[in-house]
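Asker: task: produce atomic coordinates for the following.
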Amino acid sequence: MYLSRRIFDAAIQRKPDGSPGLIVDLSLQQLLNLRGIERFIDPKEIEKLLLSTNYMQAIDQNFHLLVNVIDLDISINHITTIENLESMENLRLLNLSNNRITKIENLEALRNLEVLVY
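Answerer: Numbering: from 1, shown residues only. You can find the predicted model right below:
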């Protein structure tokens, strides 16, 4: 499945303290990728992105747009290669658990990463 306005509108939440930045929960949506995310929102506004339990097989080029994400959960997917995360310099928490990882690239670019779950 691909992103649609209906799915995306239901997924967006403001942070509980009212500060800038968005929480986007796209878990359990049968998504294959993030293609077209910029049609629905400025990806730079997203601080927490939940993509757990989908059908994603790769971390596609659209992840380069997520430069302000602090917390990324892409657990329980079908991802084999960890790549395309180097532009996410603000990332502090990365959950990769329950994937089919065979190769990891460029995690050293994530200088602010504090928690890695795999």
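Asker: just confirm residue 44 is within a strand.
Answerer: No: assessed by DSSP: H, G, I helix; E, B strand; the rest coil, residue 44 does not belong to a strand; its assignment is helix.
Asker: how near is it to residue 115?
Answerer: Spatial separation of residue 44 from residue 115 under the definition Cβ to Cβ, to the nearest Å is 22 Å. Where you see a C-beta, it was placed from the backbone N, CA and C, and this is true even at glycine.
Asker: surely residue 94 and residue 114 touch.
Answerer: No: counting by Cβ atoms under 8 Å, residue 94 sits too far from residue 114 to count as a contact (9.3 Å).
Asker: so if I had to pick from the two, which one is more boxed in?
Answerer: Looking at residue 94 and residue 114 with other Cβ atoms under 10 Å, you find the greater number of neighbours at residue 94, namely 23 against 10.
Asker: mind giving me the packing neighbours of the strand or helix carrying that one?
Answerer: Here residue 94 is covered by strand 93-95, with elements defined by DSSP states H and E. Here strand 93-95 is seen to pack against strand 71-73, strand 115-117 when contacts are counted using 3 or more Cβ pairs under 8 Å, 6 or more residues apart in numbering; DSSP states H and E.
Asker: next, format the ones you listed as a markdown table and append distance to residue 98 and mean neighbour count.
Answerer: Written out in a markdown table, the entries for the helices and strands packed on strand 93-95 read as follows (distance: least, Cβ to Cβ, whole Å; neighbours: other Cβ atoms under 10 Å):
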| stretch | distance to residue 98 | mean neighbour count |
| --- | --- | --- |
| strand 71-73 | 11 | 21 |
| strand 115-117 | 10 | 12 |
